[in-house]
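Asks: Attaching a predicted model along with its sequence, questions to come.
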Amino acid sequence: MDSKFQGQDQTLLQQGHSGFAADWSSDQRVFKGVSWGKAMMWILLLSDTFVFACFLAAYMTARSSTTVDWPNASEVFALHIGGHNFPLLLIAIMTFVLISSSGTMAMAVSSAYRKARVPTALLLLATAGLGAAFVGMQAFEWTKLISEGVRPWGNPWGAEQFGASFFMITGFHGTHVSIGVIFLAIMARKVWRGDFDGGERSWLSRGNGDYEGVEIMGLYWHFVDLVWVFIFAFFYLW
Amino acid sequence: MTQTARTAQTRAKAVVDEHGGQQHPIRLYLLVWGLLFVLSAASYLVDYAGLQGLLRWTLILIFMILKAGLIVAVFMHFAWERLALSYAILLPLLALIGLLVILYLEADYTVATRLIEFGSR
């Protein structure tokens, strides 16, 4: 058998918009050069985008339909350090931690495709560690706000919908980060054990040196970072 | 035995050939990583400097779109995927414009009725 599966030679495919039309009108499969695992992850992320978009749209509706002033996020999320007031400091640190984790994830995918087993495992572990740090800081933030009297039905500074929006949006995002951390840890362990190099298929790995599972994990993780970009802009900075 | 091993190896190569195996220079990843840091710092500075009004919103949106674009294009490899996949994921998002417009109009109506019922701010 030739190295090309089912006559799928990448170099023979049409490019650009004629390629787009040809792919969608072709037999057997639309997403050429994309495994079913990656295609399904993208479709999951598309549906997840709609979920987060619904939360942000609901937040927009609540914020623009209230007659009471919206609490000033810059002051609400400020930290007092050494008698100085830093606006949004914790959120800024969380943003940098999450971006760093996206960076280590990209490096993990890159080393996975070079089949560098140990660096891949360590980079995945570093990504999981940064993700865990993010969730930890979010837990601190929630604790701080709850102790200051923020509830889903009210808060000391203004519009009552602030608490509900805050807990729903950051809570759902934090859940995604937590799930990501769990799967990153599982992935790191599987890479470390050599599941991706062996001849056996297993859960999340196809063996035979096929490291695409790491890239699919990466898609999920970058998506979590992507959602935070929008939350940071619309909820914390707006 | 060696026959099976060789078959497995050929199959593995075929599978990797089939999905392309996204391999890109590490320098590109590091560059994007750096840019994301700079853009995040810039959007934080918008708040730190206390900019308000249209300037603030414009800057926040520009930095947000640039960051999102870099993540999707480079980190998630959309720059190298075929259009069949990119369009299948990106075009459905246009429906969100409709959702946002409808909800914005609805919010406008709600705030107007609230002001009439409960008085001014």
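Replies: Now that the structure is in, tell me what you want to look at.
Asks: Can you show me the helices along the chain?
Replies: All of this refers to chain A. Here chain A has its helices, by DSSP state H, at A:16-24, A:36-65, A:73-76, A:89-113, A:117-147, A:161-193, A:212-231.
Asks: oops, I was thinking of chain B
Replies: Along chain B, counting by DSSP H, helices occupy B:2-19, B:26-48, B:53-70, B:83-90, B:95-118.
Asks: Just list what the third one packs against, helices and strands only.
Replies: Here helix B:53-70 touches helix A:212-231, helix B:26-48, going by 3 or more CB pairs under 8 Å, 6 or more residues apart in numbering or on different chains; DSSP states H and E. Every residue, glycine included, has its C-beta placed from N, CA and C.
Asks: Would you mind extracting the C-alpha trace of the last one into CSV?
Replies: Spelled out, that is helix B:26-48. Below are the C-alpha coordinates for helix B:26-48, written out as CSV (Å, rounded to 0.1, in the frame of the first residue of the first chain):
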residue,chain,number,x,y,z
ILE,B,26,9.1,27.6,17.0
ARG,B,27,10.2,31.2,16.4
LEU,B,28,6.7,31.9,15.0
TYR,B,29,5.1,30.6,18.2
LEU,B,30,7.4,32.6,20.4
LEU,B,31,6.7,35.8,18.3
VAL,B,32,2.9,35.3,18.7
TRP,B,33,3.4,34.6,22.4
GLY,B,34,5.3,37.9,22.8
LEU,B,35,2.7,39.8,20.8
LEU,B,36,-0.1,38.4,23.0
PHE,B,37,1.8,39.7,26.1
VAL,B,38,2.3,43.1,24.6
LEU,B,39,-1.4,43.4,23.5
SER,B,40,-2.6,42.3,26.9
ALA,B,41,-0.3,44.8,28.6
ALA,B,42,-1.7,47.5,26.2
SER,B,43,-5.3,46.7,27.1
TYR,B,44,-4.5,46.7,30.8
LEU,B,45,-2.8,50.1,30.3
VAL,B,46,-6.1,51.5,28.8
ASP,B,47,-7.7,50.8,32.2
TYR,B,48,-4.7,52.0,34.2
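Asks: Now do it: which elements does it pack against?
Replies: With contacts taken as 3+ CB pairs under 8 Å, 6+ apart, helix B:26-48 sits against helix A:89-113, helix B:53-70.
Asks: Can you give the distance of it from its chain's centre?
Replies: Chain-centre distance of helix B:26-48: 14 Å, with CA atoms, centre = their mean, to the nearest Å.
Asks: same check, this time on stretch A:211-222
Replies: Chain-centre distance of stretch A:211-222: 11 Å, with CA atoms, centre = their mean.
Asks: Same question for stretch A:115-126.
Replies: 19 Å.
Asks: go on, stretch A:41-54?
Replies: Using CA atoms, centre = their mean, the offset of stretch A:41-54 from its chain centre is 11 Å.
Asks: Over to stretch B:53-73?
Replies: Centroid displacement of stretch B:53-73 relative to its chain, using CA atoms, centre = their mean, is 10 Å.
Asks: low-scoring pLDDT stretches of chain B, where are they?
Replies: Judged by pLDDT under 70, chain B has its weakly predicted residues at B:1-21, B:120-121.
Asks: what's the domain layout of it?
Replies: Domain ranges of chain B: B:1-81, B:82-121, per automatic domain parsing.
Asks: How many neighbouring residues does residue B:64 have?
Replies: 18 (other CB atoms under 10 Å in any protein chain shown).
Asks: and what of residue A:202?
Replies: Neighbours of residue A:202 under the rule other CB under 10 Å: 13.
Asks: do the same with residue A:81
Replies: The burial count for residue A:81: 9, using other CB under 10 Å.
Asks: Please name the nearest non-neighbouring residue to it.
Replies: The spatially closest residue to residue A:81, leaving aside those adjacent along the chain, is residue A:89, at 7.4 Å (CB to CB, 6 or more residues apart in numbering or on different chains).
Asks: I figured that neighbour hits residue A:78, correct?
Replies: Yes - between residue A:89 and residue A:78 there is a contact at 6.9 Å, judged by CB atoms under 8 Å.
Asks: so who does residue A:86 touch?
Replies: Residue A:86 is in contact with A:78-80, counting by CB atoms under 8 Å, 6 or more residues apart in numbering or on different chains.
Asks: rerun that using 6 Å as the cut-off
Replies: With contact taken as CB atoms under 6 Å, 6 or more residues apart in numbering or on different chains, residue A:86 is in contact with residue A:79.
Asks: Turn the helices of chain A into CSV, columns for distance to residue B:25 and mean pLDDT.
Replies: Output for these, formatted as CSV (distance: least, CB to CB, whole Å; pLDDT from 0 to 100):
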stretch, distance to residue B:25, mean pLDDT
helix A:16-24, 24, 88
helix A:36-65, 21, 95
helix A:73-76, 39, 88
helix A:89-113, 9, 94
helix A:117-147, 16, 96
helix A:161-193, 22, 96
helix A:212-231, 16, 96
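Asks: any chance of those in JSON lines, plus mean neighbour count?
Replies: Shown next, in JSON lines, are the helices of chain A (neighbours: other CB atoms under 10 Å in any protein chain shown):
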{"stretch": "helix A:16-24", "mean neighbour count": "14"}
{"stretch": "helix A:36-65", "mean neighbour count": "17"}
{"stretch": "helix A:73-76", "mean neighbour count": "16"}
{"stretch": "helix A:89-113", "mean neighbour count": "23"}
{"stretch": "helix A:117-147", "mean neighbour count": "18"}
{"stretch": "helix A:161-193", "mean neighbour count": "19"}
{"stretch": "helix A:212-231", "mean neighbour count": "24"}
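Asks: among the domains of chain B, which is the most enclosed?
Replies: domain B:1-81 (a mean of 16; mean count of other CB atoms under 10 Å in any protein chain shown).
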